[in-house]
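Enquirer: Make a model of this:
(chains A, B, C and D)
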Amino acid sequence: MATTILEPAHAAAYAKRSVLVEWLTTVDHKKVGILYGASAFVFFLIGGLEAEIIRLQLMKPDNHLVSPEFYNQLFTMHGTSMIFLAVMPISAMFFNFFVPLLIGARDVAFPRLNAMSLWVFILGGLFINFSFLLGAAPNGGWFGYAPLSSRQFSTGVNMDFWMLGLQILGIASLAAGVNFFTTILNMRAPGMTLMRMPMFAWSVLVTQVLVLLSFPVITVALILLTADRTFGSSFFSYTTAGGDPMLWQHLFWVFGHPEVYILILPAFGIVSEILPVFSRKPLFGYSAMVFSMAFIAFLGFGVWSHHMFATGMGPLADSFFSLATMLIAIPTGVKIFNWIGTIWGGSLQFKTPLYFALGFIAMFIIGGLSGVMHAVQPADLQQTDTYFVVAHFHYVLFGGSIFSLTAGAYYWWPKMFGKMLDEGLGKLHFWLMLIGFNLTFFPMHLSGLLGMPRRIYTYPAGLGLDGLNMASTIGALILAAGFLVFIYNVIRAWRSDAQAPADPWGGATLEWSIPSPPQEWNFAVEPVVAEKDVLWAMKRAAGVRTLPEPARVSGKGIHLPSPSWWPLLTASGILAFMVGILVKGPVTHGFPFGLVSVAGVLLTALSIFKWSYEPVDHPTTHTPH
Amino acid sequence: MCAFAVLLVAGCGGPYPQSTLEPRGDFSQMVDSVFMKTVYLATIVFILVEGALLWAVFKFRGKPDDPQPHQIHGSTVVEIVWTIIPAVVLAIVAVPTVQTIFATAKVPMTSADGQPPLKVEVIGHQWYWEFRYPELGITTANELHVPVDRTVDLRMKSFDVIHSFWVPQFAGKRDVFPNRETRLWFTAKVTGEFPGACAEFCGTEHARMDFYLMVQKSADFQAWVDHRRADSTMRFDGAPMHPVAAAAPAVAPGKAAVPVSAKDTVVTVAVDPLVAKGKQLFTAKGCIGCHSLSSMNPLKGQIGPNLGGIATRKMIAGGWLPNTDANLKDWLEHTQKVKPDVKMVIGPISDSEAAALIAYLRTMR
Amino acid sequence: MIADTAIVHHAHDIPHASAGKYVQIASILFLLTAMEVLLYEVCFGHLREGMGSFSVALAPHFVSVLLILSAMKFWFVAMFYMHLKFDIKILSWLFGFSLMIAFVVICALFVLFTYNRTLWWWSGTW
Amino acid sequence: MTAAVLDHDSAHAHEEHHTSLPVNSRKLAIWTFIGSECMFFASLITTFVIYRDSHAKGPGPKDVFGVPLVTAGTAVLLFSSFFVVMALNGAQQGNRKKLLTWLTLTVLCGMFFVGMQVYEFTHFVHEGMGYTTNLFASSFFTLTGFHGTHVAIGTLWLGTLLKDAYKGRIPPTKAVNLEIAALYWHFVDVVWIIIFPVVYLMSLGR
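Expert: The predicted model follows:
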């Protein structure tokens, strides 16, 4: 019904704009997705470089490769980047590109809001990383514990960059949260009931609930920290008026624990898409998968204090949070069993995406088991803040999220760019990553148990940690090699002329029914869905294994949202506001930087105002009546 | 993977003085016992689940032109079974967990040797540890002396940011806050010297905020206490060396410092002109502003570590460098290079001045 | 309840309450607010002297009564002014779930901070 | 004119095309946002409750709070909620006069509330309670300040809708434009319904 032919030639109007303007003003969810992915991959490489320097510094005891101060900046930025600038936005790339395709929609519910999320994210990421150029990158840990992060103990602008940067990124996440929640609930194709949705769409829906309910808490925590650092209050410092650093920890982890699931649930979703396709067998226990995911998300709000077992909350609170944390292992176990159930009895097609998806399961099991060990509060008293924890969460976030996101990249690359990635290089990438990953992080379990605390820039000889750390460093270099292979693979595919087919893997979901890469309007005719795994159903009905290659259509008259400058300008206003606060903090240089903030607010307000009165349609299709 | 782990550990040999796997106190043994239970269970689960995964991957590998496999959408019975199994496994873990939480939370009222627990105040500083024995009136730094078989009741606070006190072989970590007291306890079961560390990121030099736990036989501990109570006052000929110390008298009332004769001081100082010069420099260079030289006269709001008995300590610079003349010289001459951002600022200092200070500090036994 | 049948409803429009209903709700809300203020005045304010033993009896229940009155106001606004009563159920679920998480987090934090020492009851000397 | 607007709207039928749930996407979005805001205010309220007794230095709640002023503010917000719901009613009926009248009153209430809060804050500062005087003050100003910011944004939003209404741009088919603003406005009101007893009355009655 959305194919009503109104006006011709919007494609011509698009072509008139320069490439730069086109990308800066785009509201196409696929372009937004690609921009998310490209910028996040750059931040991922920066974060990876930080990790490599960290590993080189820890290669041997008493090493002096980097200064203590720089090391602290490195690990803070590594954590912050990987969480907020890599894993979340790479997931967001998949949300953006594939959620509308999976649910059979032309776009997200709010295309311009979507573009705004993107620009806020990119500007926020640049803002935080800009601190390196001033030699003042954040140095207080990604968790920014007060009072170390208060002005009294952190006089430079380092933590100002962190706190304001995170605030900017939070705005992007919240806007995207509203957008995708609404999109998934309200933009599904006819017949696509919630319980027929692809599992990835479910994972995004649940993830957005977590974003929407956890990010406001870190927003408040950062506002209070800003009040402390910039305006002289003492919410988290103890010296003047009895503020309580524990409040920071609680607020941070009320956000921080759901954040962990924000990082892993989309990974669950991607793997749940890939396994059925390469097993040629539907996902085992679809409803159990949905309910366990919802249950994980729900419990995720009741376990935050397990990050604070060493603070001495008392046995009652410790027991409560211990048991609640253990409960999470049940739905997580159900998910793992269902994945194994999916491949069980299947006909496994060993393509690169399947390799990474299986690697994900294997690694995530290990991360899950060490997670149960942390839930045991007394054991956690020994493990917390050691390399055992570092091992645990890298098994979950690297072995889990990154393996899954890489699987997703290989799986969806042909759809996104119309080029196939090379299978041989892909498998080489997999083996380098699997070996490098385990060589890096498995020894960390042991170095942690043998007494190596986290966040130390060096350690003495004689603790028996030398060999383990050397192994980790060698592993990290192998990991890096794996990603170099990936980059080479991408460049090769980029240069190749071979066009990917619409459905290279025998897919089950709607995105494989349209050309690779999809045309701007996604679906020339809005699909109608009668059951789960809709494309498989269509193939069954047609009695074929592969549907004929869909034709690329002219798309004449298909109505699309207009490009807009206002999302980018809104984001710029937000950035200006934060820059004003940043500079107001420690120095003013006689310039009233408060005015920069005021200008930022005015720019944002003006942009939102203009945006809400801007015609939604493409200008050329908007004729006066 | 587990075999791989064992090989790795075996390959690297030992010893592992900071290991959590060799508990030598009651607290850490309780923790280790529940931890090992989870390790055994986890190993079984690991082998079964990874085994099933690998088996499935091996068994069900297909060719592109294979017929479509049987399309199964799920099974309620199977779902229920594999929901219940993890629940049961977790219940097995949960029971000892809660028991151990309560057992470790409670500070025992009496020690194994029948005495009340030994109270120690732990104060975390950027970046060293201060230890006070309120019942004995002693203050020391970076070296916690305790008697074997006697429960130690630690009451912990921070001077600045959050730290975390950790002696892996004896107890789990406990965070140390600036505005609230936290507690931890343990009873050491063997004597020896054991490293400990700060486990909560606390700024630039977090990595080098180590300390040593010295577990001694009761008699040795008592000797150490007596020595600390006596010798550090000797040099001060009754009158405090500096006004700040006077403002902060010895902690325990009724346990006045051992009276000393002026003669001792004169003797100590007169032996060596280098020591005399060192003593003069210790004031002239401003050292006394932050460091007390007496275990019995801690500074109020201590900034630098208490140096009472510094000559007998194993390590300097926050439990990092062995206490040798060479290291001490390096420390005095290049403090900010050895440990950047540390609060100690001493200004340019010549080799001879350093030698004099070292000679003086070496008399602090 | 469905009074506005005269207007042509858009596909998504859900019938709302009538103007008369809104006036009714406004009166109730005003009354409840008055009761809140009155409660304060009786328990701790100007009316304390005059009410004597009634004040003394009521004061311990001040917080709970106040919270109940506020919850009632909250409910009236959400149900009628925000039309949750007439709108599709998913909106109520959405709001209700958020409120529940918010409420649980507030309560948990309140307990963790206020009863920090109580939670240590087991450790004897505390 | 109405015909023209309707015609204009029908040309844009795609805007309102198929939705999976029988609810406008923007309305669903504002509800989602409101759900998220619950956690925002929950965190601020928690912070206030934890710190409301931290006023060893400077004035405490009993020194500065006055019941009459804040009751007036509460009443203003409650009435504005009533006004905006009447305005929406007018918009849905296509009753322009009703819409304009009640919407004007709503905007005036919003302005009045913001003005009153400015007065209240100035008054507190004069009494010696600055933002950083003590933690009670900091958490009070942060909580009520952010609530006030929400009121101010809502007032601006309703103001632009009033302009639209005046120009006849809110026909019954576009009443949802006002409805989503009204939902936000009611939410700001229910937050105050919590703040009024929890921050003012309970801090006084102890």
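
Enquirer: On the secondary structure side, give me the element for A:M116.
Expert: helix A:111-133 (DSSP states H and E).

Enquirer: Could you give the separation of that helix from the chain centroid?
Expert: Between the centre of helix A:111-133 and the centre of its chain there are 14 Å (Cα atoms, centre = their mean, to the nearest Å).

Enquirer: And for stretch A:60-68?
Expert: On Cα atoms, centre = their mean, the centre of stretch A:60-68 falls 32 Å from that of its chain.

Enquirer: Check stretch D:68-86 too.
Expert: Counting by Cα atoms, centre = their mean, stretch D:68-86 comes out at 10 Å from the chain centroid.

Enquirer: for stretch D:133-145, same thing?
Expert: 20 Å.

Enquirer: which parts of the stretch 51-200 of chain A sit against chain D?
Expert: A:109-110, A:174, A:177-179, A:181-182, A:185-188, A:190, A:192 (Cβ under 8 Å from any Cβ of the partner chain). All C-beta spots, glycine's among them, are computed from the backbone N, C-alpha and C.

Enquirer: If we go by neighbour counts, what in whichever helix or strand comes after the helix holding A:M116 is buried?
Expert: Downstream of helix A:111-133, the first helix or strand assigned by DSSP H and E is helix A:158-186. By 16 or more other Cβ atoms under 10 Å in any protein chain shown, the buried positions in helix A:158-186 come out as A:158-186.

Enquirer: re earlier: of the residues of the stretch 51-200 of chain A next to chain D, just say which sits nearest to chain C.
Expert: Distance to chain C, by Cβ to the nearest Cβ, is smallest for A:L185 among those, at 7.3 Å.

Enquirer: I'd say that closest one and A:L205 touch.
Expert: Yes - the pair A:L185 / A:L205 is scored as a contact, 7.4 Å apart, by Cβ atoms under 8 Å.

Enquirer: Give me the common contacts of the two.
Expert: When contacts are counted by Cβ atoms under 8 Å, 6 or more residues apart in numbering or on different chains, the set common to A:L185 and A:L205 is empty.

Enquirer: Helix or strand: which one has the nearest residue to A:E531 once chain neighbours are set aside?
Expert: Excluding its sequence neighbours, the residue lying closest to A:E531 (Cβ to Cβ, 6 or more residues apart in numbering or on different chains) is A:A537, at 5.1 Å. Using DSSP H and E, A:A537 sits within helix A:534-542.

Enquirer: Which SSE is immediately downstream of that helix?
Expert: Counting by DSSP H and E, the next helix or strand C-terminal to helix A:534-542 is helix A:566-584.

Enquirer: Show me what that following helix packs onto, helices and strands only.
Expert: helix A:111-133, helix A:158-186, helix A:199-231, helix A:594-613 (3 or more Cβ pairs under 8 Å, 6 or more residues apart in numbering or on different chains; DSSP states H and E).

Enquirer: The third one near chain B at all?
Expert: No - for helix A:199-231, no contact with chain B is found by Cβ under 8 Å from any Cβ; the gap never falls below 12.8 Å.

Enquirer: After that helix, which helix or strand is next? Please name it.
Expert: helix A:245-279.

Enquirer: show me where pLDDT drops low in the chain?
Expert: All of this is about chain A. For chain A, residues meeting the criterion pLDDT under 70 lie at A:1-16, A:238-241, A:585-590, A:616-625.

Enquirer: wait, chain B
Expert: B:1-13, B:231-271.

Enquirer: Which helix or which strand is home to whatever residue of it ends up closest to chain D?
Expert: Taking Cβ to the nearest Cβ, chain D has its nearest neighbour within chain B at B:N179, 11.5 Å off. Using DSSP H and E, B:N179 sits in no helix or strand.

Enquirer: ok so, going back, tell me what the helix holding A:M116 is packed against?
Expert: Checking 3+ Cβ pairs under 8 Å, 6+ apart, helix A:111-133 ends up next to helix A:29-57, helix A:68-80, helix A:88-103, helix A:158-186, helix A:566-584.
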